[in-house]
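Novice: Structure for the following, please:
(one chain, ligands or ions: 1)
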Amino acid sequence: MIIGIDDTDSRDGMCTTYLCAVLLDELEEYGTITSLPLLMRLNPTIPYKTRGNASVAINIDTDQPQKVMDHAISRIESLAEMASETTNPGVVFVPDKDHERTRHALGEFFNRAVTDVLSIDGAKELARDLDIPHKSFKNGRGLIGALAACGAMLNCDWDHTYEYIAYREQNVWGTLRSVDKTSIHKADMETYPATWDTVDCANDLIVCVPHSPDPVLFGIRGKSVEDVTHAAGFIESEPIERSVVYRTNQGTDMHLIHATGISNIKEMHSYIIEGTVSRAPETIQGGHVILSMRDSKGDEIDCAAYEPTKNFRALVRKLIEGDEIVVYGSVGGNTLNIEKIQIRSLAAKSETQNPVCPSCKKRMKSAGVGQGYRCKKCKTKADSAVSIEVERDLEIGLYEVPPSARRHLAKPLVRMGVQDFELFPSR
Ligand code: ATP
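Specialist: Numbering: from 1, shown residues only. The predicted structure is shown next:
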């Protein structure tokens, strides 16, 4: 049986992955967990999300399905933040039958849940149509993520990474986390690039320890179970209640759609779009940097490097009109939120300077408003300033926001076979 769960937490506490971790231990009584649990990130633009739009799936081999379902439901009832208005849990139990139609339909649903916006009614209809036992609480929105996670479990051929999550003991939830910073840096130094997003070196930030009042103590992301477990072993901290390694679509860019043109893009969707800078970057109130990009059909969109992207903004500010770029990111409020940017070609940049005296080769001085330029010493004159091409302080290449600003789904350059880390501002 595959169990999919979503929407059990609120900003005040809990985390759906913690519920998953508890069930992984407790369900051993009724069967055998047959594969790593899944931590699936769905459409990152969904406004109902608490934090990272995550859902989970557990694969269990059991001959007591009713007991498994009853136990999972009772744990959701006891642990979910039911009182929160935005918590609408959903759980589904996909039976262990070789149902090609179910596998196919849920696989498609999963792909759409990552890239598109789905409805609660659509999820309920699909569960009914496929005869999948399920239970929803309140408005049942969690059914969307729960079904999607099962779709991911049934179709495991997607690009994937791993995350080791350590959970806090319940008596300290909501208090300041105690994790030794030096040990975190050591974990990173010893295991990067097989692990990533543990720290943000450029901005001197610890990324793997959350600040919200949920049960997570830290999370280590990486390319294999061994790598994330090895890295976690370096971390010195308060007591850990339990830990789990998840298989996940984090760091895969699964949310991005190749856009055929700016006119086709939609709000709450994420894209890879090619174009040319049509309005140079401008820093607006709050420190956000905005530029406009035009595609080959002449359509335009604003692209933003928001304040949390920190040092990435300095790179974006160097772009000028005419630079050819490819941007990766989500669309909201008619603006594309840049996650990565490829600079394909640089436009010529020119500067006006005073003309050079043909005799002494020094720069002439202005002779007064509207009177051109002259060299006092040689008595030479020129009518106007000269325009000269200046070198661009920018290299073509692919750049990313720093780890502290990275979306869970965004694929880090370290996973893209990019060798020259010198080029990239995140480390
Ligand atoms: P956490 O990361 O702490 O587990 P969260 O950020 O995952 O929390 P949820 O509380 O799970 O947030 O809320 C997200 C809600 O959005 C869920 O009910 C989920 O079913 C729903 N949802 C997920 N993907 C989509 C989608 N593509 N379209 C519509 N609703 C979605």
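Novice: going forward, measure contacts and count neighbours with C-alpha atoms only.
Specialist: OK.
Novice: Now do residue 422, the pLDDT please.
Specialist: With respect to pLDDT, residue 422 has a value of 39.
Novice: can you check the one 5 residues further on too?
Specialist: Each residue has a pLDDT score; the one for residue 427 is 42.
Novice: which residues of the chain score low on pLDDT?
Specialist: 98, 418-427 (pLDDT under 70).
Novice: Contact residues of it facing the ligand?
Specialist: Applying Cα under 6 Å from any ligand atom, we find that the chain lies next to the ligand at 6-9, 15-16, 42-43, 48-55, 87, 113-114, 116-119, 141-145.
Novice: State the distance from the closest residue in space to residue 195 that isn't next to it in sequence to residue 164.
Specialist: In space, residue 195 comes closest to residue 222 once its chain neighbours are excluded; the distance is 3.8 Å by Cα to Cα, 6 or more residues apart in numbering. Per Cα to Cα, to the nearest Å, residue 222 is found 8 Å from residue 164.
Novice: higher neighbour count, these two?
Specialist: Between residue 222 and residue 164, counted using other Cα atoms under 10 Å, residue 222 has the larger neighbour count: 27 against 24.
Novice: Pull the contacting residues for that one.
Specialist: By Cα atoms under 8 Å, 6 or more residues apart in numbering, residue 222 lies in contact with 161, 162, 163, 194, 195, 196, 228.
Novice: what is it paired to in the beta sheet?
Specialist: Beta-bridge partners recorded for residue 222 (DSSP bridges): residue 162, residue 195.
Novice: ok, now how distant is it from the ligand?
Specialist: Separation of residue 222 from the ligand (Cα to the nearest ligand atom, to the nearest Å): 18 Å.
Novice: ok, which stretches of the stretch 251-400 of the chain are helices?
Specialist: For the stretch 251-400 of the chain, helices defined by DSSP state H, counting those that start in this stretch occupy the ranges 312-316.
Novice: where do the strands sit along it?
Specialist: For the stretch 251-400 of the chain, strands defined by DSSP state E, counting those that start in this stretch occupy the ranges 256-258, 270-283, 289-294, 300-305, 324-332, 335-345, 349-353, 365-366, 373-375, 380-382, 386-390, 397-400.
Novice: Take those and write them to TSV, including distance to residue 312 and mean neighbour count.
Specialist: As requested, those are exported to TSV (distance: least, Cα to Cα, whole Å; neighbours: other Cα atoms under 10 Å):
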stretch	distance to residue 312	mean neighbour count
strand 256-258	20	17
strand 270-283	13	22
strand 289-294	10	23
strand 300-305	7	22
strand 324-332	13	22
strand 335-345	10	21
strand 349-353	21	12
strand 365-366	39	18
strand 373-375	41	22
strand 380-382	42	18
strand 386-390	23	12
strand 397-400	7	20
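Novice: Adding distance to residue 71, write those out as a markdown table.
Specialist: A markdown table is the format used below for the strands of the stretch 251-400 of the chain (distance: least, Cα to Cα, whole Å):
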| stretch | distance to residue 71 |
| --- | --- |
| strand 256-258 | 37 |
| strand 270-283 | 37 |
| strand 289-294 | 50 |
| strand 300-305 | 45 |
| strand 324-332 | 38 |
| strand 335-345 | 40 |
| strand 349-353 | 66 |
| strand 365-366 | 85 |
| strand 373-375 | 87 |
| strand 380-382 | 88 |
| strand 386-390 | 69 |
| strand 397-400 | 43 |
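Novice: give me phi/psi at the residue located most distally from the centre of the chain?
Specialist: In the chain, counting by Cα atoms, centre = their mean, residue 379 sits farthest out from the average C-alpha position, at 63.0 Å. Dihedral pair for residue 379: phi 60, psi 20, per degrees, to the nearest 10.
Novice: can you check residue 79 too?
Specialist: phi -100, psi -30.
Novice: what's the answer for residue 143, then?
Specialist: phi -60, psi -30.
Novice: need the contact list for residue 175.
Specialist: By Cα under 8 Å, 6+ apart, the contact set of residue 175 is residue 213.
Novice: how about it, secondary structure?
Specialist: What DSSP: H, G, I helix; E, B strand; the rest coil gives for residue 175 is coil.
Novice: Distance of it relative to the ligand?
Specialist: According to Cα to the nearest ligand atom, residue 175 and the ligand sit 17 Å apart.
Novice: Also residue 247?
Specialist: According to Cα to the nearest ligand atom, residue 247 stands 15 Å off from the ligand.
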